[in-house]
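Engineer: I'd like to go over a predicted model; first the sequence, then the structure.
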Amino acid sequence: MSIDLDELFTELGRQADALSLPEVSVARRLGERRRRRNRAVVAVAAATLLVVAGLGAATLRRDRAPEPILPVSTSVRGLAPIGTPLTVFGSTGDGIFSNAVTAGDRLYFGSGNVGNSTEVIAVDGTTGAKLWSAGKIKGAETNGPIAVGDTLLIADGATLSVRDPATGAERWTVPDAPNGDVVIGAGMLVRVNEAGLSEGYDAVTGRKVWSVPPASPADRPRHSVGMLTGPDPMEDYGRRIHASDGQLAQITLGGAVLLRDMRTGKVVTSVATPVRPKVITDFVAYQGTVVIGDKTDRSSEPFRVLAVDAAGGPARTLYAAASGTLRTVFACGTGRLCVDAEEGALPPGKNESIKAINMADGRILWSVRPTRFSFPLGSRRGRILLGGTNGTTLLDADGRTLYDHRSEYSGSGAEWIDDDNLLWVLKDPVKNVYQLLVIAAADGRQTVLGELPDKDFGGCTWTSEFLACRSGTQLTVSRFVR
């Protein structure tokens, strides 16, 4: 996972178009920082991590009754350095940037300077050792590594270069057409261009396995995503790149929902819907259901959320409102969908609610009003993490608040480490440091890992086992201690 709060993932991009004008720039800015997967607002120098590792863990108690401490096996209690810091490519005096992603025990890291070059390297997350360099590409913040399962891509302008994860060598390339979609899964890479042509390639060799043109230009696919089977899927790959567990889901301009076998391109389910999708239409597929957020950019008009079952049958309305702004829909537990919306004619930001809905029958399981303008950062075991310009909130599976912190500084935020822990960062502009904490997902309890300097902040990325952070041109890897 990663948090430099990077380049807007697709759902937040669509969401921003539906917001009122004062909020659009905020949502776009926050989302765009997410999507480069440069993950955290955590800066840490190598020497600092050594100090942090020696600090031990302190527990902060809020004004609440004592609650059980999580078992040692699941609670993150500290950091331990791995290997020695690596010097990465780029010059701090020229505005260095970096993009980092993880896959298993591997870290893929790109760094450089805008207008110059970017270098992509691989790092072993268990030893901290540099494994290979993929060489230099054009220096741009949107360029760099993208990892989807076993498939490693390097985005280089309008080209996606598929790489061998073991060596970094280029295997093949595919154009990354503007306004198109790429879906990866089941050993396949499917590319859908803006004209609606869908093409399936062997993800390893680049051999074109199948090609399907649209039924007509007027009924071409508008959105294409992958069907995911996990309880809390939430994509964050950027550049309209999606993961799949074997099926390609599409919605055409004429409202047809198509489910295709990614290996053959053949349609296995086709369902007509009344939706005429736009750029801002939400479209996600998980747990055997395709969900459509049908909305406009006007808060005075109605919106609705529809579901299409992979097994077929007519489209079902899960939720509808006579007027308001549908911000986004997202998975929030097995058999559940969460709807983030503002309803009615109140001023923007004054009537937001998040509703958990049973996907089988549309029942509202619970509804809460966030304490501030917010957007979803992910869900684990039904617990929902909300972020925003002014703080972080963690809700349990029943919508109750486990943790809430308000901050006037946009540099604060939280992200999941695993099902039981979140990494959270609070910027202290007076001391010029970030406070690095872990939040226990079960009860909101905080464990302080240390204070990290703001100077030459470069961001972090992590898995459930290790944390990698850049400070200036130094990249440091640490292990989470439980």
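Structural biologist: Looks like it arrived, so ask away.
Engineer: what about the chain, any weak spots by pLDDT?
Structural biologist: The model of the chain has pLDDT under 70 over residues 1-73, 234-236, 345-349, 389, 408-413.
Engineer: all strands for the stretch 151-300 of the chain, in order.
Structural biologist: Along the stretch 151-300 of the chain, the stretches classed as strands by DSSP state E, counting those that start in this stretch are 151-156, 159-163, 170-175, 181-185, 188-192, 198-202, 208-212, 221-226, 241-243, 247-252, 256-261, 267-272, 282-286, 289-294.
Engineer: what do you get for the stretch 1-150 of the chain?
Structural biologist: According to DSSP E, counting those that start in this stretch, the strands that the stretch 1-150 of the chain contains are 58-60, 78-87, 96-103, 106-113, 117-124, 130-138, 144-148.
Engineer: coming back round to it: got the strands of the stretch 151-300 of the chain as JSON lines, with distance to Arg383 and mean neighbour count columns?
Structural biologist: (Each C-beta comes from the backbone N, C-alpha and C, glycine too.) Output for those, formatted as JSON lines (distance: least, C-beta to C-beta, whole Å; neighbours: other C-beta atoms under 10 Å):
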{"stretch": "strand 151-156", "distance to Arg383": "29", "mean neighbour count": "23"}
{"stretch": "strand 159-163", "distance to Arg383": "34", "mean neighbour count": "19"}
{"stretch": "strand 170-175", "distance to Arg383": "37", "mean neighbour count": "14"}
{"stretch": "strand 181-185", "distance to Arg383": "26", "mean neighbour count": "25"}
{"stretch": "strand 188-192", "distance to Arg383": "32", "mean neighbour count": "25"}
{"stretch": "strand 198-202", "distance to Arg383": "36", "mean neighbour count": "20"}
{"stretch": "strand 208-212", "distance to Arg383": "39", "mean neighbour count": "16"}
{"stretch": "strand 221-226", "distance to Arg383": "24", "mean neighbour count": "25"}
{"stretch": "strand 241-243", "distance to Arg383": "22", "mean neighbour count": "22"}
{"stretch": "strand 247-252", "distance to Arg383": "26", "mean neighbour count": "27"}
{"stretch": "strand 256-261", "distance to Arg383": "29", "mean neighbour count": "21"}
{"stretch": "strand 267-272", "distance to Arg383": "31", "mean neighbour count": "15"}
{"stretch": "strand 282-286", "distance to Arg383": "17", "mean neighbour count": "26"}
{"stretch": "strand 289-294", "distance to Arg383": "20", "mean neighbour count": "25"}
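Engineer: so what does the helix or strand hosting Leu377 touch, helix or strand wise?
Structural biologist: Assigned by DSSP states H and E, Leu377 falls within strand 375-380. Here strand 375-380 touches helix 21-35, strand 324-331, strand 336-343, strand 383-388, strand 413-416, going by 3 or more C-beta pairs under 8 Å, 6 or more residues apart in numbering; DSSP states H and E.
Engineer: repeat that for 10 Å
Structural biologist: On a contact count with 3 or more C-beta pairs under 10 Å, 6 or more residues apart in numbering; DSSP states H and E, strand 375-380 meets helix 10-17, helix 21-35, strand 324-331, strand 336-343, strand 383-388, strand 391-395, strand 413-416, strand 421-428.
Engineer: returning to that earlier point: which one of the strands of the stretch 151-300 of the chain lies nearest to Ala397?
Structural biologist: strand 282-286 (16.9 Å; C-beta to C-beta).
Engineer: okay, the strands of the stretch 151-300 of the chain in CSV with distance to Gly125 next?
Structural biologist: Shown next, in CSV, are the strands of the stretch 151-300 of the chain (distance: least, C-beta to C-beta, whole Å):
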stretch, distance to Gly125
strand 151-156, 15
strand 159-163, 18
strand 170-175, 23
strand 181-185, 21
strand 188-192, 25
strand 198-202, 28
strand 208-212, 33
strand 221-226, 25
strand 241-243, 20
strand 247-252, 31
strand 256-261, 34
strand 267-272, 38
strand 282-286, 28
strand 289-294, 34
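Engineer: between strand 106-113 and the one helix or strand Gly459 maps to, find me the angle.
Structural biologist: Secondary structure assignment for Gly459, by DSSP H and E: strand 457-462. If you take axes from the mean of the first three to the mean of the last three C-alpha atoms, to 10 degrees, strand 457-462 sits at 160 degrees to strand 106-113.
Engineer: relative to strand 421-428, how tilted is strand 457-462?
Structural biologist: 170 degrees.
Engineer: quick one: list the elements packing against the following helix or strand past strand 457-462.
Structural biologist: Downstream of strand 457-462, the first helix or strand assigned by DSSP H and E is strand 466-471. For strand 466-471, the packing partners by 3+ C-beta pairs under 10 Å, 6+ apart come out as helix 46-55, strand 78-87, strand 96-103, strand 106-113, strand 117-124, strand 446-453, strand 457-462, strand 474-481.
Engineer: on that earlier part again, which stretch among the strands of the stretch 151-300 of the chain comes nearest Pro85?
Structural biologist: strand 151-156 (23.6 Å).
Engineer: pull the CA atoms of stretch 371-380 into CSV?
Structural biologist: Once non-C-alpha atoms are left out, stretch 371-380 reads as follows in CSV (Å, rounded to 0.1, in the frame of the first residue of the first chain):
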residue,chain,number,x,y,z
THR,A,371,-17.9,15.0,11.1
ARG,A,372,-16.2,16.8,8.1
PHE,A,373,-15.9,16.6,4.3
SER,A,374,-14.4,13.2,3.7
PHE,A,375,-13.8,10.4,1.2
PRO,A,376,-13.1,6.7,1.6
LEU,A,377,-9.5,5.5,1.9
GLY,A,378,-10.4,1.8,2.1
SER,A,379,-12.2,-0.8,4.1
ARG,A,380,-11.0,-3.9,6.0
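Engineer: list the buried residues in that stretch.
Structural biologist: For stretch 371-380, burial by neighbour count (16 or more other C-beta atoms under 10 Å) applies to Arg372, Phe373, Ser374, Phe375, Pro376, Leu377, Gly378, Ser379, Arg380.
Engineer: can you add distance to Trp366 and mean neighbour count and give the helices and strands packed on strand 466-471 back as a markdown table?
Structural biologist: Rendered in a markdown table, the data for these read as follows (distance: least, C-beta to C-beta, whole Å; neighbours: other C-beta under 10 Å):
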| stretch | distance to Trp366 | mean neighbour count |
| --- | --- | --- |
| helix 46-55 | 38 | 17 |
| strand 78-87 | 35 | 18 |
| strand 96-103 | 33 | 25 |
| strand 106-113 | 38 | 24 |
| strand 117-124 | 42 | 22 |
| strand 446-453 | 25 | 21 |
| strand 457-462 | 30 | 27 |
| strand 474-481 | 32 | 22 |
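Engineer: can I get the ones you listed in JSON lines with distance to Gly312?
Structural biologist: Shown next, in JSON lines, are those (distance: least, C-beta to C-beta, whole Å):
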{"stretch": "helix 46-55", "distance to Gly312": "53"}
{"stretch": "strand 78-87", "distance to Gly312": "50"}
{"stretch": "strand 96-103", "distance to Gly312": "35"}
{"stretch": "strand 106-113", "distance to Gly312": "40"}
{"stretch": "strand 117-124", "distance to Gly312": "43"}
{"stretch": "strand 446-453", "distance to Gly312": "48"}
{"stretch": "strand 457-462", "distance to Gly312": "40"}
{"stretch": "strand 474-481", "distance to Gly312": "44"}
